[in-house]
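Asks: Next comes the sequence, and after it the predicted model I'd like to discuss.
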Amino acid sequence: MNKKKEIIIAIDTSCDETSAAIVCGRCVLSSVVYSQILIHKKWGGVMPQIAKRAHEERIDGVVEETFRKARRNSISNWKDITAIAVTYGPGLAIALGVGIDKAIELSKKHKIPLIGVNHMEGHLYSPFVQNSKGSPDRDFQFPYLGLLVSGAHTEIVLFKNHLKYEILGETRDDACGEALDKAARMLGFGYPGGPILERLASEIDNVDKYKFPRPMIGTKNFDFSFSGLKTSFLYFTNSMSDSDKLENISFLASSFQEAVFTTLVRKTMKAMKHTGVNSVLVGGGVAVNHRLRTLMRRMVKEQGGVILFPSQNYLNFDNAAMIGLVGAIRAERKLFAKSRSDVERVARLSLLQSSIK
Amino acid sequence: MKISKSTIDKCIFETVKVLKNGGLVVFPTDTVYGLLVDAKNQVAVKKLLKFKDRPVGKPISVFIDSINNLKEYVELNNKNKQILQRILPGPFTVVFRSKHTLDLALESEKGTLGIRLPQSDYIQKLMDIFQSPLTATSANMSGQSPHYSIESLKNQVSSTKEMLIDLIIDAGKLPHNKPSTVVELISSNIKTLRTGDLPFVDSKNFYSKSPSETRKIGQMIIEELTTMPTNKAIVIILIGDLGVGKTEITRGIAKQFGITKIISPTYVIYYEYDISHRSSEISQKRKFIHADLYNIEEDYEYNQLGLTTYIKNKSIMVIEWGEKLGDYYNKFKKDVKIIQIRMEYDGKNGRKITVIK
């Protein structure tokens, strides 16, 4: 705690959020997520604003705002910054490119080293991100099992030590968040559908009336597949009359959600038993779902383990603060990018590629 | 005025009176303190925008009194209406295409309108009496954080701004509820391709009984396609319903280029993969693109996706929901070799796959 902490500015443009943050070690001094600003402005632009121009238009403002907000934590200019961390994958190629180009430009201009960060490393570390006052005070007690769940990802990771990862299982087709969104669409809801399913399910106490198949639950590995579940849900809802569907809409929502979540829980439990690792981390957008949190907490408690979630809501979603934390860990170990090719975008970057030996 | 159980009727009576005269009222909502004006009164809305320093084109959502009256303001089909009855009242802002019956300044640039029907006794009671839409924006300047107490509001507001407020209803400190989740119920704006748009002459049918057969068919199709040398990009448009096997067939196609880990790109729109090059003639810039246009809502978004770069690089592009390309397709059809694959359900587990060249 006493040694001098690295101060990192981080940039993440992996998909539809433009975000930047300044961190000191694990403490977030300021964090700006563009869509967050818009939520404050009510529903201005949370529609998926994909792609390049949108990021290009926002990035300078977001970086500026990050500095402005960091002033109250006495960071005032680029001289205070040790390194620039930037997400170079996985994500949408041209979106990643905007963040990387900006990071390279700033690195040259201010003569500060660059650090390439894997977006999924960020999610894995997200339960350890602290606010500016150092809360929550959680020590690293490796190893961990990480369950990463979002609209684009579903994976179980063995997090052996700092920057050392092994992927135990991952989705072979759709991500769990995507499956929830698509099921919601089949029921006629708009985007995003996950929160609606959660709400409908909670109204009927998460009853699992239809018992949809738990995909790949019996297999020996830790992989996931939600595409088949999606198809059987489609067949099932198509076979119902409109009035029948409407009458049972909460049960459909709940049963689908239960199928997805019990699969996540069971596979995580299997991985705990297989590895003997009892400390579990959960990150990614789907981790905000209360039902998933309850089921995971219950299971981990029964296994005699501990479970950690991100301490603040925004840390579940795409954000640069978690990228900054990984940047700080890499900076402490002098793991800077040696050339431009070290931060070249990799749309389907795997955690394995970012793991140190 | 302070609101409580005993003063509620009086407070609401006063609020209605002020609103009817075009006044601006600070009022407790289910989330934060809100700014209410009559959404049909242009002068009142103007006053609100002045208070908020709201840039033009940034929409403001409205409270409505009942779902039954919704169709006066927005485009709504019966199915949507029945669904809404399930989630409202609740912490959702639902976005629709507007019928432009309220003040246009409340709409987004795209002509959409956000609707709130909150779970709040105060608002509900107020709406029961007022019986016409009210603005539902938070009581803070654009870009600043919302207020949970009247004191924090007063600290932020300048005295000139304070003069604009006609009435404050004080419910003390509000619980720190999250802002509402925004959900879209807008039918897609996208023109899909008509059959006549595509210059196809030759078609061939395949029948698949399993995902692995679907993959093999994909492999066969691309093998045949790449035996003839081409110096154009190859675009494969996949058309078919959710769950019909579009990602499976892509997997077969990708295998031909040495790519094995295909997952659904729905969330990020597309994934870019490097192609393992066997011949040096082909540009190193050539990529394999797996796109899914499912979440694209507006035509202009295509221009931001950077797809033309890939066409210049003679890449291989597999595009799920490619029929949504609409007019955009016409922009590049001369520069690519294009095939269309239509996938349909055929019996219980079977699929009919039609390749049109």
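Replies: Arrived safely.

Asks: Show me what the helix or strand harbouring residue A:9 is packed up against.
Replies: Element membership for residue A:9, per DSSP states H and E: strand A:7-12. Applying 3 or more CB pairs under 8 Å, 6 or more residues apart in numbering or on different chains; DSSP states H and E, one finds that strand A:7-12 contacts strand A:19-24, helix A:52-70, strand A:83-89, helix A:93-110, helix A:321-332. For glycine as for every other residue, the C-beta is placed from the backbone atoms N, C-alpha and C.

Asks: Near residue A:203, how many other residues are there?
Replies: When neighbours are counted by other CB atoms under 10 Å in any protein chain shown, residue A:203 registers 15.

Asks: The residue nearest to residue A:223 when sequence neighbours are not counted: what's it in contact with?
Replies: Setting aside the residues directly before and after it, residue A:223 is nearest to residue A:169 in space (CB to CB, 6 or more residues apart in numbering or on different chains), at 4.6 Å. By CB atoms under 8 Å, 6 or more residues apart in numbering or on different chains, residue A:169 lies in contact with A:155, A:156, A:221, A:222, A:223, A:224, A:267, A:271.

Asks: can I assume the second one is in contact with residue A:168?
Replies: Yes. Here residue A:156 reaches residue A:168: they are 4.6 Å apart, a contact under CB atoms under 8 Å.

Asks: Who has more neighbours out of those two?
Replies: Neighbour totals were compared for residue A:156 and residue A:168, and residue A:156 leads with 25 against 21 (other CB under 10 Å).

Asks: just to revisit the earlier point, the residue nearest to residue A:223 belongs to a strand, doesn't it?
Replies: Yes. Counting by DSSP: H, G, I helix; E, B strand; the rest coil, residue A:169 is part of a strand.

Asks: got a pLDDT number for it?
Replies: Per-residue confidence (pLDDT) for residue A:169: 96.

Asks: And stretch A:80-99, how far out from the chain middle?
Replies: Offset of stretch A:80-99 from its chain centre (CA atoms, centre = their mean, to the nearest Å): 15 Å.

Asks: next one: stretch A:181-195
Replies: Worked out by CA atoms, centre = their mean, stretch A:181-195 lies 20 Å from the chain centre.

Asks: Near chain B, which residues of the stretch 201-350 of chain A are found?
Replies: Counting by CB under 8 Å from any CB of the partner chain, the stretch 201-350 of chain A comes close to chain B at A:227, A:230, A:231, A:234, A:242, A:246, A:249, A:250, A:313, A:345, A:347, A:348.

Asks: Go ahead and confirm the second one touches residue A:179.
Replies: What it means is residue A:230. Yes. Between residue A:230 and residue A:179 there is a contact under CB under 8 Å: 5.6 Å.

Asks: Next step: the residues of the stretch 201-350 of chain A next to chain B restricted to helices.
Replies: Residues of those located in helices (DSSP state H): A:227, A:230, A:231, A:234, A:242, A:246, A:249, A:250.

Asks: Identify the residue with the minimum pLDDT among those.
Replies: residue A:242 (84).

Asks: For that residue, give its distance to residue A:187.
Replies: Separation of residue A:242 from residue A:187 (CB to CB, to the nearest Å): 11 Å.

Asks: Looking at these two, which is more packed in?
Replies: residue A:187 (23 against 11).

Asks: Any chance of the backbone angles for the more buried one?
Replies: Main-chain dihedrals, residue A:187, degrees, to the nearest 10: phi -80, psi 0.

Asks: who touches it in this structure?
Replies: By CB under 8 Å, 6+ apart, the neighbours of residue A:187 are A:193, A:237, A:245, A:249, A:252, A:253, B:83.

Asks: which element is the last one on?
Replies: It stands for residue B:83. Using DSSP H and E, residue B:83 maps to helix B:78-87.

Asks: After that helix, which helix or strand is next? Please name it.
Replies: strand B:92-97.

Asks: since we're on the closest residue to residue B:270 other than its chain neighbours, how many residues are nearby?
Replies: With CB to CB, 6+ apart as the criterion, residue B:270 has its nearest non-adjacent residue at 3.6 Å, and that residue is residue B:291. Here the count is done by other CB under 10 Å, and residue B:291 has 26 residues near it.

Asks: what's the distance between residue B:291 and chain A?
Replies: Counting by CB to the nearest CB, to the nearest Å, the gap from residue B:291 to chain A is 10 Å.

Asks: Can you tell me the strand partners of the helix or strand hosting that residue and which way each runs?
Replies: Per DSSP H and E, residue B:291 falls inside strand B:287-292. Using DSSP bridges, the strands paired with strand B:287-292 are strand B:270-274 (antiparallel), strand B:316-320 (parallel).

Asks: Can you give me the buried ones in the first one?
Replies: This points to strand B:270-274. B:270, B:271, B:272, B:273 (16 or more other CB atoms under 10 Å in any protein chain shown).

Asks: wait, which of these is closest to chain A?
Replies: Set against chain A, the nearest of the buried residues of strand B:270-274 by CB to the nearest CB is residue B:272 (4.0 Å).

Asks: Which residues does that closest one form beta bridges with?
Replies: In beta-bridge terms (that is, DSSP bridges), residue B:272 pairs with residue B:289.

Asks: if you look at the contacts of residue A:169, which of them are in strands?
Replies: Among the contacts of residue A:169, the members falling in strands (DSSP state E) are A:155, A:156.

Asks: Now the buried members of the contacts of residue A:169.
Replies: Buried members of those, counted by 16+ other CB under 10 Å: A:155, A:156, A:222, A:223, A:224, A:267, A:271.

Asks: Can you tell me which of those residues is nearest residue A:120?
Replies: Closest to residue A:120 out of these is residue A:155 (7.3 Å), distances taken as CB to CB.

Asks: Next up, the contacts around that closest one.
Replies: Per CB under 8 Å, 6+ apart, neighbours of residue A:155: A:120, A:146, A:147, A:148, A:167, A:168, A:169, A:170, A:171, A:351.
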